[in-house]
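In: Pasted the sequence and its predicted model underneath.
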Amino acid sequence: MPRATLTFLNHASFMVRTDAALLVADPWLEGPVLDGAWSLVDGATSTASLIDTLNSAGVPIYIWCSRAQPDHFSLPFLRRFRSEFRGIATFLYRPGRDMRIGDELRRLRLPLAECADGVTVALGGDLRLTALANGDGDTACLIGCGGRSI
C-alpha cells in the first residue's frame, strides 16, 4: 500500500506527500489578513520554508485553492511562489460563481487546472482529489490515497 504523510502547516493549510506527488492546500503561511482581523494559529511556518520544501520535493506539486478569501488564497504566497519555485506545479480549483481564483492564477501566469464538482482527479500514483461544492462559493475537497480518505 502506498504511504502518504499528512503535515499540518497553518490555519486551513496542510500538505499531503506521497512518493509520486505532493499536494498543498490553501497556503496562507505569513502575516495577518482582512485588515488585521485574522491572524495565523502560530508563527512557526513561512512561505520561504514551504517553497524550499517544494523545490526539493522531486515530484510533481499540486496546490489546491478552495476559495478566493485571503486566509485560503494568499496573494503574497502566489507572488513569491511564482518568482522562487523551480519545479513543476499545477494549481487546482473548482470553478464556480466566484471566478477570482482562476482569473488571478491566469493573471500571474501560474499553471492551473479546473476540478469539476464531484469529479475525482488523479494527481500521482494513487493520490486523488475530488472537489465538492459547499454552499454558494465555498469548496471542500476529498483527498484519497492508499485506500484512505480525508
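Out: Structure received.

In: Sticking with the nearest residue to residue 84 once chain neighbours are set aside, tell me its helix or strand.
Out: Among residues not flanking residue 84 along the chain, residue 51 sits closest, at 5.0 Å (Cβ to Cβ, 6 or more residues apart in numbering). C-betas here are computed from N, CA, C, even on glycine. Assessed by DSSP states H and E, residue 51 sits inside helix 47-55.

In: send the alpha carbons of that helix over as PDB?
Out: Extracted C-alpha coordinates of helix 47-55, given in PDB (Å, rounded to 0.1, in the frame of the first residue of the first chain):
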ATOM      1  CA  THR A  47       6.400  30.900   2.700                       C
ATOM      2  CA  ALA A  48      10.200  30.600   2.200                       C
ATOM      3  CA  SER A  49      10.400  27.300   4.000                       C
ATOM      4  CA  LEU A  50       7.400  25.800   2.100                       C
ATOM      5  CA  ILE A  51       8.800  26.900  -1.200                       C
ATOM      6  CA  ASP A  52      12.200  25.300  -0.300                       C
ATOM      7  CA  THR A  53      10.400  22.100   0.600                       C
ATOM      8  CA  LEU A  54       8.500  22.200  -2.700                       C
ATOM      9  CA  ASN A  55      11.700  22.900  -4.700                       C
END
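
In: gap between the residue nearest to residue 84 and residue 149?
Out: Going from residue 51 to residue 149 by Cβ to Cβ, to the nearest Å gives 28 Å.

In: Comparing these two, which residue is more hemmed in?
Out: residue 51 (20 against 10; other Cβ atoms under 10 Å).

In: tell me the contacts of residue 117?
Out: Counting by Cβ atoms under 8 Å, 6 or more residues apart in numbering, residue 117 makes contact with 94, 96, 131, 132, 133.
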